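Asker: here is a sequence together with a model predicted from it:
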Amino acid sequence: MYKLVIASVLVLFATMSIQAQPKGDKLIKNGTVITVTGDDLQNTDILILDGIIREIGKNLTAPENTEVIDATGKYVMPGIIDAHSHLNAIGVNEATNPVTSEVTMYESIDPNSVSIYRALAGGVTTINLMHGSANVIGGRNATLKLRYGQSQDNMKFEDAPQTIKFALGENPTRVHGQGSGIQPRTRMGVEQVIRDHFDAALDYRRNRKEYIEAKEQYDRRKRGNPPVPVAKNLRLEVLADIIDGKILVHTHSYRADEIVMLNRVFSDYGIKNYTMQHANEAFKVAPELAKNNAYASVFADWWAYKFEVYYSTAFNASILNANGVLTSINSDSGELIRHLNHEAAKTMRYGQTSENDALRMITINPATQLGIDDKAGSIEVGKHADIGIWSAHPLSIYSINEMTLVDGVVYFNREEDADDMRLDRAVEPELTFERSRQFLFETSDGRSSDACMQDVFFLFESDKELSMNGNSNIHNH
Amino acid sequence: MIKLFKCGILLLSMLLFTIPSFAQELPANAVENVMIHLSDGSVVNSGTIVWRNGVIEAVGEDAEIPFDAHVMDGGDSLHVYPGFINGLTTWGSPDRGDLESADDPGNPGYERAGIQPDRSPGELLKADDKNLEEGLKYGITTAMLSLKGEMLPGRSDIFFLHGEKTESGLFEQDKGVVFQFEGARGGFSNRAYPNTTMGVMAKFRQLMYDAEALKDHIDYFASAEGGIPAPERDEVLESLFPILDKHIPLYFVTDSPEDLERFFALQDEFGFSAVVVSGKNIWHKADALADKNIPVLASVELPKMPNWYKKEKEEENSENEEDTETDEEPEDDLTTEEELFRERQLKSYLQTVRNISSLMKAGVSVGFSGGGLDPDKFGDHFKVLMDEGELNQNDLIKILTANTAEILQISDKTGDIKPGNIASFSIRTEPFGEEKSKVFKTVSNGQIYEF
């Protein structure tokens, strides 16, 4: 029986991989529905057709052959959205240049990582797969749905706006200033790198536009002097798109002064709707953030892993929230992502944040920060059927996620949770049983291995630490 | 006019005197009474091959042997196969030099970044590479050489193998540009751009944009009557022009299906023609490759057989041989978890070993690439491909000869034993694939090598 269950789950993943973004039909019956954007609804059904929530109400009927999920006594909530993750990347930091806006995490996705399944087990359905924080302007991020078993392309959250990673403070100054002896060496330098590149992007956009117009004219008329070509420049194109408001900025930051600095820079270039990531000192400048309509995505209570992260408080999210700053709680970790519900609940414990606001911090708020709040982050008719079904209220420490659906398709079912949930295509023929178990164990400790400074941790280690640890993964964000 | 006439006479007389030296032919060679295995699997028994000046003149049971031919009698026991073609290999490539640290890792310069599509394997050929000699011992007569390097290590040139004299055996030059998702050397401690796969992809795009702009500039400058400054020439970008123009393919080296997805994205953007090289585990993408009509020069290097499976097979074989019941104690009971693990491991192993066969079944054109593998390793892998890989002897011969020739667009001259083709073949003691089969002589571009 055991083998049969495993085999059926594996067959599910094997068949899914040959379809394009599967959408499911389901009738979830008689649950307590936490809509997040509206009231909680008791004994309520949700009808899902073709991956979209079509009806919410009592005693709903579904077309014939629609699979019914009995949620009696259970809590049905929107799939959790993690606005800061490096969960399944093949590379996180193109840490060779202070500005690398031309690279994109959409081209760094590992669709085979078992960590995707582990995050699904925690009720997470969407992540912001971010570039690391080694560069002042890093790469573009990837908004992904956790469709485990699908291709890279099919993991993309369709029509999600593009976002990009910026980073302030110690990480970029250490990597480039200290590591390579180039700008930025200081926080002042970080600001200057941003301004210089924005100015270059504006110049480029003008020159390129003029060239394209002149080229069209010359190629058509074949008269006058031909134009000198201005090559398309991917790095500057992206930066110009940021200024034009087409790309949302997510900025790794800790200190209040640098947060205010970035507000000022963005205000100078007319950039709106951006999110400060980590932002451990954001509580000090909450009114300023609210005034600029800037968002914050923070840890519940995680700090002191380097100098700039000592002045921190577990009240950060609650203070920001109380000041009208749209705030999310994120994981930045393959381990924390499995219990973001607990992380959100901490805002109630520490800052007396309301139950609904706490839940918003892991659903509709991160959705807003990623520009997908019209599609996900709450249970509403017309939205994607990204849903978690919990054994009890998800903010209770005793609650367990039992089932996770993305687009109405079940990707995690606790009843069918086998020991080895690797995808067939991720099974390496040369890996022995012993090594395989060891590997699964090692990679389960994501808290120390999935941080923003992946691959460049050694830059933060002293010679003594290096000799003790080798090139180990010291946690750093 | 008279002057012109005199010149004409002079030229004509020079031509007349030189014609005999052009027409002077080397004596022919012939091998008779051999079994000739053609690339399509058919066999000519008691056949004869005649060649002269490196070109096959006649093949068949009744092929006439010219009076001046050196004849070798195969005594109806030797087997002749078309010369194998190593579709892409780094044989003969110099190793990478010492690594210097980049002053500005973000702008390391072309060489430090591994962007060298202007390099030619022929010009840099390390003629004393033992594999150029060793290859002949295993029946390989032709190889498309590439260079060791990173993202764009160089162009590719086809050579006839002649051991240390391979340099003189240039067959065709500039057949393509090699590309791989290989960041600049040095890891993170001595890093240079591009360092990651996403960095390589972005850099590739930028190189294509820059090449496009330079090409426009050169064209404008050539056609305009002044009014435009001269373009700053750039050998690296200019060597990408034939890729932009789709004249030659990008030879993309990868084993990963995910990298292949990324490569498809680049191809969709730029529309270049492409050949995939190595592709050890890309059976997942067989249909996509077939749809896109992208051929594969496949590696034959296979994963190590799981120890427990090898043991099981050995036991099975010995039982069959002895045909007696074994009294050996059974292996310790496996846990359910380990049992399942073995099932999945074996499935994965067999899928990888059947990679080439899956590609072919999906309609992908598959040839052969030896990569950096030494030729003495080929035999073991060929055996596993025939035992477990769902390929037979004829499939392998076709992959090693006609298919590879077709993918490299040289099938009008090589890839089979027929009149007009280059005389490249090997003579074996037993049929290919049999345990005792050894190459006895190899003829590469008409030159005979005896072992």
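Answerer: Here it is on my side, so go on.
Asker: switch to C-alpha atoms for all contacts and neighbour counts from now on
Answerer: Fine.
Asker: quick check: closest non-adjacent residue to B:Val178.
Answerer: Nearest non-adjacent residue to B:Val178, counting by C-alpha to C-alpha, 6 or more residues apart in numbering or on different chains: B:Tyr251, 4.6 Å away.
Asker: OK, contacts around that neighbour?
Answerer: B:176-179, B:274-277 (C-alpha atoms under 8 Å, 6 or more residues apart in numbering or on different chains).
Asker: scan those and report the most crowded one.
Answerer: B:Val277 (29 neighbours; other C-alpha atoms under 10 Å in any protein chain shown).
Asker: next helix or strand past the one helix or strand that residue maps to?
Answerer: According to DSSP states H and E, B:Val277 maps onto strand B:274-278. Using DSSP H and E, the helix or strand that follows strand B:274-278 in sequence is helix B:286-292.
Asker: could you say what helices and strands that next one packs with?
Answerer: When contacts are defined as 3 or more C-alpha pairs under 8 Å, 6 or more residues apart in numbering or on different chains; DSSP states H and E, helix B:286-292 packs onto helix B:355-361.
Asker: for stretch A:298-316, list every residue counted as buried.
Answerer: Of the residues in stretch A:298-316, A:298-301, A:303, A:308-309, A:312-316 count as buried by neighbour count, 16 or more other C-alpha atoms under 10 Å in any protein chain shown.
Asker: again, but for stretch B:86-104
Answerer: B:86-94, B:102, B:104.
Asker: so what's the closest residue to chain A within the stretch 1-150 of chain B up against?
Answerer: Closest contact between the stretch 1-150 of chain B and chain A, by C-alpha to the nearest C-alpha, is at B:Gly106 (4.3 Å). By C-alpha under 8 Å, 6+ apart, B:Gly106 lies in contact with A:96-98, B:192-194.
Asker: recalculate using a threshold of 10 Å.
Answerer: B:Gly106 makes contact with A:94-100, A:176, A:180, A:182, B:113, B:191-195 under the criterion C-alpha atoms under 10 Å, 6 or more residues apart in numbering or on different chains.
Asker: now it, what's its secondary structure?
Answerer: Following DSSP: H, G, I helix; E, B strand; the rest coil, B:Gly106 is assigned to coil.
Asker: show me where the stretch 201-350 of chain B has its strands.
Answerer: Along the stretch 201-350 of chain B, the stretches classed as strands by DSSP state E, counting those that start in this stretch are B:250-254, B:274-278, B:296-298.
Asker: mind putting the ones you listed into JSON lines with mean pLDDT?
Answerer: Shown next, in JSON lines, are the strands of the stretch 201-350 of chain B (pLDDT from 0 to 100):
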{"stretch": "strand B:250-254", "mean pLDDT": "98"}
{"stretch": "strand B:274-278", "mean pLDDT": "98"}
{"stretch": "strand B:296-298", "mean pLDDT": "98"}
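Asker: dump the ones you listed to a markdown table, plus distance to A:Thr186.
Answerer: Formatted as a markdown table, the strands of the stretch 201-350 of chain B follow (distance: least, C-alpha to C-alpha, whole Å):
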| stretch | distance to A:Thr186 |
| --- | --- |
| strand B:250-254 | 41 |
| strand B:274-278 | 46 |
| strand B:296-298 | 50 |
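Asker: A:Phe198: neighbour count?
Answerer: A count of nearby residues for A:Phe198, using other C-alpha under 10 Å, gives 19.
Asker: pretty sure it contacts A:Asp244?
Answerer: No: A:Phe198 is not in contact with A:Asp244 according to C-alpha atoms under 10 Å; the separation is 11.0 Å.
Asker: find residues that contact each of these two.
Answerer: The contact lists of A:Phe198 and A:Asp244 share A:Tyr269, where a contact means C-alpha under 10 Å, 6+ apart.
Asker: re the thing from before, neighbouring strands - and their directions - for the strand holding B:Val277?
Answerer: Applying DSSP bridges, strand B:274-278 is found paired with strand B:250-254 (parallel), strand B:296-298 (parallel).
Asker: show me where pLDDT drops low in the stretch 1-150 of chain B?
Answerer: Within the stretch 1-150 of chain B, the stretches with pLDDT under 70 are B:1-25.
Asker: and for chain A?
Answerer: Scanning chain A for pLDDT under 70 picks out A:1-19, A:439-477.
Asker: count of residues packed around the closest residue to chain A within the stretch 301-450 of chain B?
Answerer: Per C-alpha to the nearest C-alpha, B:Tyr349 is where the stretch 301-450 of chain B lies closest to chain A, at 4.8 Å. Applying other C-alpha under 10 Å, we find 22 other residues in the vicinity of B:Tyr349.
Asker: hang on, isn't it packed against B:Lys280?
Answerer: No: assessed by C-alpha under 10 Å, B:Tyr349 is found out of contact with B:Lys280, at 11.5 Å.
Asker: which residues are common contacts for these two?
Answerer: B:302-303, B:355.
Asker: now those: which count as buried?
Answerer: Those of the shared contacts of B:Tyr349 and B:Lys280 that meet the buried threshold are B:302, B:355, by 16+ other C-alpha under 10 Å.
Asker: what helix or strand is the residue in chain A positioned nearest to chain B on?
Answerer: Residue nearest to chain B within chain A (C-alpha to the nearest C-alpha): A:Asn97, separated by 4.3 Å. Counting by DSSP H and E, no helix or strand carries A:Asn97.
Asker: hey, where'd the helices end up in the stretch 251-400 of chain A?
Answerer: Using DSSP state H, counting those that start in this stretch, the helices of the stretch 251-400 of chain A run over A:256-268, A:286-291, A:316-322, A:340-351, A:355-360, A:364-369.
Asker: show me what the fourth one is packed against.
Answerer: Counting contacts by 3 or more C-alpha pairs under 10 Å, 6 or more residues apart in numbering or on different chains; DSSP states H and E, helix A:340-351 packs against strand A:80-85, helix A:316-322, strand A:327-329, helix A:355-360.
Asker: ok, now the longest one?
Answerer: In this structure, helix A:256-268 makes packing contacts with helix A:187-221, strand A:247-253, strand A:275-278, helix A:286-291, judged by 3+ C-alpha pairs under 10 Å, 6+ apart.
Asker: pick the most deeply packed of the ones you listed.
Answerer: strand A:275-278 (a mean of 28; mean count of other C-alpha atoms under 10 Å in any protein chain shown).
Asker: partners of it, with directions?
Answerer: The pairing partners recorded for strand A:275-278 under DSSP bridges are strand A:247-253 (parallel), strand A:295-298 (parallel).
Asker: TSV for the helices and strands packed on helix A:340-351, including distance to chain B?
Answerer: As requested, these are exported to TSV (distance: least, C-alpha to the nearest C-alpha, whole Å):
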stretch	distance to chain B
strand A:80-85	17
helix A:316-322	33
strand A:327-329	28
helix A:355-360	33
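Asker: give me the buried positions along stretch B:187-203.
Answerer: For stretch B:187-203, burial by neighbour count (16+ other C-alpha under 10 Å) applies to B:188, B:190-203.
Asker: please state the offset of it from the chain centre?
Answerer: How far stretch B:187-203 lies from its chain's middle: 27 Å, per C-alpha atoms, centre = their mean, to the nearest Å.
Asker: just want to check the distance between the residue sitting nearest the centre point of chain A and A:Asp374.
Answerer: Centroid-nearest residue in chain A: A:Asn128, 1.7 Å away (criterion: C-alpha atoms, centre = their mean). The gap separating A:Asn128 from A:Asp374 is 16 Å, by C-alpha to C-alpha, to the nearest Å.
Asker: okay, A:Arg195 and A:Val265: tell me how far apart.
Answerer: Here the criterion is C-alpha to C-alpha. By it, A:Arg195 lies 7 Å from A:Val265.
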